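# Give me a 3D structure for the following:
(one chain, ligands or ions: 3)
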Amino acid sequence: MSSLRLVLADQLTHDVTALQGIDINEDIVLICEVRNETNYVKHHKKKIAFLFSAMRHFAQELRDKGIHVRYVKLDDEDNAGSFTGEIMRAVEAHKISRIISTFPGEYRVLEEMKTWQDKFGIDVEIRNDDRFLATPEEFANWANGRKQLRMEYFYRDMRQSYAILMNGDKPEGGKWNYDAENRKPPKEGLDIPQTFMAKPDDITREVMDLVATHFSDHFGDLEPFHFAVTRDQARTALRQFIDQRLCHFGDYQDAMIEGEAWMYHSHISFYLNCGLLTPLECVKAVEHAYHQGLAPLNAAEGFIRQIIGWREYVRGIYWLKMPDYADQNFFEAKRALPEFYWTGDTQMNCLRQCVTETKENAYAHHIQRLMVLGNFALIAGIDPKYVNEWFLIVYADAYEWVELPNVSGMILFADGGYLASKPYAAGGSYINKMSDYCKNCSYKVKDKNGADACPFNYLYWDFLARNRDKLSNNHRIGMMYKTYDRMGEDKKHAISQDSKTFLESLES
Ligand code: FAD
Ligand code: DLZ
Ligand code: SF4
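Ligands and ions are numbered 1, 2, ... in the order given. From the prediction side, this is the model:
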């Protein structure tokens with residue numbers, strides 16, 4: 001009798017727990033391309049092509065090791081269209097005594113997995129996903145009894161537990177966090193190296209044809225396609241980041257430049273999240289580069305904080321708070337998502353740039369997501385369900401465990417401050433300081449009111465005024481109300497009127 005070992009699109013790691021202890025003479029690995037997953041939200045074309053190509057390459061690598069893989073292609077005649085349907089077909093086709101899977105990345109998939117034991121009358125084993133550094137239970141224990149969760153304290157514990165950038169029990173360099181040194185504005189003449197670009201091979205080309213045929217109505221550009229689709233390629237992408245961009249990653253982590261979609265970021269989230277790279281190997285490689293003198297501490301620490309800090313922290317919150325987390329809407333925001341999030345057709349240059357790059361690359365870097373796309377959604381009062389759907393669709397690294405806490409927790413403050421201590425709301429001056437977008441904008445960033453004024457300026461104050469009862473007690477933002485209260489009635493009226501006119505124009 002065989003075990004059926006299920007490997008999902010985000011579990012493409014050779015020693016993922018579902019494959020540990022495999023009997024290559026008996027067991028069968030199931031990997032399937034299914035409509036339920038491509039369409040429960042209509043993912044970016046590039047994301048589907050990336051995952052299908054990486055899945056097909058991974059299946060080939062397993063076969064090369066002598067493993068029996070049952071690979072179901074999207075256009076296979078009998079494709080059942082869902083994980084459950086494909087498990088059923090596999091159980092009917094082979095003598096299966098047990099189903100083994102790895103803990104999935106999304107709550108709805110876990111709920112689906114939990115039905116299989118009863119449905120098929122076969123033991124189902126759901127193993128911990130040991131690619132993460134903290135299990136959901138460990139995170140829950142850490143969170144237990146704390147009134148407020150803060151990433152910084154979790155991050156310090158992780159540094160200590162895994163002895164990363166530590167000198168005995170002291171943090172390397174004497175400080176835990178070099179965030180203050182991660183905020184240089186962009187300057188002219190930066191020579192930013194290109195991102196890693198793989199040449200599509202036959203497998204990728206075949207998948208691209210499939211995506212062009214079946215997903216033409218999905219958002220985003222399919223071509224040019226240059227993502228890594230194998231572990232070897234992903235390792236090269238990581239190496240290239242460390243050799244060419246890591247040294248400036250810290251300084252320019254928050255900077256945005258028109259036409260520079262990739263900046264000095266690592267561009268490895270796609271590979272980390274689907275399993276081609278593992279978090280610990282990336283962190284160790286960067287720590288090693290720091291010790292070799294290839295990168296300054298603010299770069300190495302900044303990068304490591306994102307992975308063992310933020311990445312693990314948001315996952316912990318996701319599993320701690322689901323399923324209710326998905327329905328949080330602290331500000332009771334009700335506005336529909338403006339059409340320009342899909343088209344890029346807006347006079348606001350910052351948003352036009354970020355949406356256009358998202359459409360082209362299925363990627364935007366953190367500050368574009370947070371301070372442009374996210375900030376606008378927050379201060380314009382867009383309903384979290386539409387914002388979450390958009391972020392889950394458009395990025396090749398998006399899975400609900402990481403997307404939802406970033407959107408509902410970090411940008412929209414929809415959880416009322418569970419994940420973040422204050423909303424990341426900002427007016428145009430922040431975008432002007434950290435980018436060159438305002439130079440080419442139809443709006444004037446220095447103008448606070450009137451038809452030509454930057455909409456971020458009045459929307460910021462209108463957001464604060466609209467949500468006063470919910471925010472004025474927040475000590476990190478409360479002082480802004482003092483500034484607001486000092487404004488004259490005419491000014492307050494102008495803020496409210498400009499916001500009303502602008503927001504109404506979005507609806508038409
Ligand atoms: P780098 O800037 O080079 O950072 C290195 C790595 O750190 C990333 O690859 C990622 O694994 C990790 N990381 C950095 N910030 C975060 C964070 N806030 N949460 C979790 N991991 C982090 N990241 C996703 O992987 N998937 C998402 O769906 C996603 N949605 C986001 C939505 C919003 C609104 C915001 C503000 C952030 C989101 N992020 C998401 C986090 C972050 O923007 C991306 O991880 C990052 O932009 C990926 O690019 P990079 O690999 O070049 O990252
Ligand atoms: C995102 C995605 C897509 C587009 N397609 C598939 C697929 O065909 N097969 C698969 O195994 N997984 C896919 N995924 C990822 C899943 O939707 C889901 O997000 C993760 O498996 C996390 O549980
Ligand atoms: Fe964006 Fe305002 Fe700057 Fe225009 S002026 S790019 S809308 S921040």
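# Please identify the helix or strand for V69.
In this assignment (DSSP states H and E), V69 forms part of strand 68-72.
# just how off-centre is the very next helix or strand once past that strand within its chain?
As assigned by DSSP H and E, the chain's next helix or strand after strand 68-72 is helix 83-93. Taking the mean of its C-alpha atoms, helix 83-93 sits 31 Å from the chain's own mean (C-alpha atoms, centre = their mean, to the nearest Å).
# If you count neighbours, what's buried in helix 83-93?
In terms of neighbour count (16 or more other C-beta atoms under 10 Å), helix 83-93 has its buried residues at F83, T84, G85, E86, I87, R89, A90, V91. For glycine as for every other residue, the C-beta is placed from the backbone atoms N, C-alpha and C.
# What separation do you get for the fifth one and Y399?
To Y399, I87 is 20 Å away according to C-beta to C-beta, to the nearest Å.
# cool, the fourth one as well?
The gap separating E86 from Y399 is 19 Å, by C-beta to C-beta.
# what does P296 give?
32 Å.
# Up against ligand 1, what does the stretch 201-350 of the chain have?
265-269, 272-273, 303, 306-307, 310-311, 314 (C-beta under 6 Å from any ligand atom).
# who in the chain is up against ligand 3?
So far as C-beta under 6 Å from any ligand atom goes, the chain lies against ligand 3 at 348-350, 428, 431-432, 437-438, 441, 443, 445, 454-456.
# Repeat the analysis, applying 5 Å as the threshold.
Within the chain, the positions adjacent to ligand 3 are M348, N349, C350, G428, I431, Y437, C438, C441, Y443, V445, C454, F456 by C-beta under 5 Å from any ligand atom.
# And for the fourth one, the neighbour number?
Residues lying near G428 (other C-beta atoms under 10 Å) number 26.
# State the mean pLDDT of the strand ranked longest in the chain.
Counting residues, the longest strand found in the chain (DSSP state E) is strand 96-102. Here strand 96-102 scores 97 as its mean pLDDT.
# Report the angle between the very next helix or strand once past it and helix 83-93.
Scanning forward in sequence from strand 96-102 by DSSP H and E, the next helix or strand is helix 107-114. Here the directions of helix 107-114 and helix 83-93 differ by 30 degrees (axes from the mean of the first three to the mean of the last three C-alpha atoms, to 10 degrees).
# mind listing what's buried in helix 107-114?
Using 16+ other C-beta under 10 Å as the test for burial, helix 107-114 gives Y107, V109, E112, M113.
# Then stretch 232-251?
233-235, 237-238, 240-242, 245-251.
# give me the subset of these touching ligand 2.
Subset of the buried residues of stretch 232-251 in contact with ligand 2: empty, counting by C-beta under 5 Å from any ligand atom.
# List just the nearest of those to ligand 3.
Closest approach between the buried residues of stretch 232-251 and ligand 3, by C-beta to the nearest ligand atom: D251, at 22.1 Å.
# picking that back up, quick check, nearest of the buried residues of stretch 232-251 to ligand 2?
Using C-beta to the nearest ligand atom, the buried residues of stretch 232-251 come closest to ligand 2 at A234, 17.1 Å.
# quick one: A228 is in a helix?
No: checked against DSSP: H, G, I helix; E, B strand; the rest coil, A228 lies outside a helix; its state is coil.
# For the nearest residue to T84 once chain neighbours are set aside, which residues are in contact?
Once flanking residues are discounted, T84 sits nearest to E112: 5.9 Å by C-beta to C-beta, 6 or more residues apart in numbering. By C-beta atoms under 8 Å, 6 or more residues apart in numbering, E112 lies in contact with S82, F83, T84.
# can you redo those residues as TSV with pLDDT and distance to L280?
Listed next are these as TSV, based on pLDDT from 0 to 100; distance: C-beta to C-beta, whole Å:
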residue	pLDDT	distance to L280
S82	98	33
F83	98	28
T84	98	32
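# between these, which is closest to H218?
Nearest to H218 among the contacts of E112: S82, at 18.6 Å, using C-beta to C-beta.
# pLDDT score assigned to R183?
In this model, R183 carries a pLDDT of 79.
# Next, count neighbours for K187.
11.
# gap between it and A90?
From K187 across to A90, the span is 56 Å (C-beta to C-beta).
# Same question for L19.
Counting by C-beta to C-beta - L19 and A90 are separated by 16 Å.
# give me phi/psi at the residue in the stretch 401-508 of the chain that ligand 2 sits nearest to?
Residue of the stretch 401-508 of the chain nearest ligand 2, by C-beta to the nearest ligand atom: W401 (7.5 Å). In terms of degrees, to the nearest 10, the main-chain angles of W401 are phi -60, psi -30.
# How about the contacts made by it?
So W401 contacts G105, E106, V314, R315, Y318, W319 (C-beta under 8 Å, 6+ apart).
# So which of those residues reach ligand 2?
Among these, proximity to ligand 2 is found for G105, E106 (C-beta under 5 Å from any ligand atom).
# Of the contacts of W401, which is the nearest to ligand 3?
Sorting the contacts of W401 by how near they are to ligand 3, with C-beta to the nearest ligand atom, puts V314 at the top with 26.6 Å.
# I'd say that closest one and D415 touch.
No: checked against C-beta atoms under 8 Å, the pair V314 and D415 is beyond contact range at 11.5 Å.
# just so I have it, where are all the strands in the stretch 101-250 of the chain?
Here the stretch 101-250 of the chain has its strands, by DSSP state E, counting those that start in this stretch, at 123-127, 166-167, 170-171.
# what's the most buried one of those strands?
strand 123-127 (a mean of 16; mean count of other C-beta atoms under 10 Å).
# can I get the CA coordinates of that strand in PDB?
Provided in PDB are the C-alpha atoms of strand 123-127 (Å, rounded to 0.1, in the frame of the first residue of the first chain):
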ATOM      1  CA  ASP A 123      -5.700   8.500   7.500                       C
ATOM      2  CA  VAL A 124      -4.600  12.100   6.700                       C
ATOM      3  CA  GLU A 125      -1.400  13.400   8.300                       C
ATOM      4  CA  ILE A 126      -0.900  17.100   8.100                       C
ATOM      5  CA  ARG A 127       2.800  17.800   9.100                       C
END
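# Having no further points to raise, I will conclude here.
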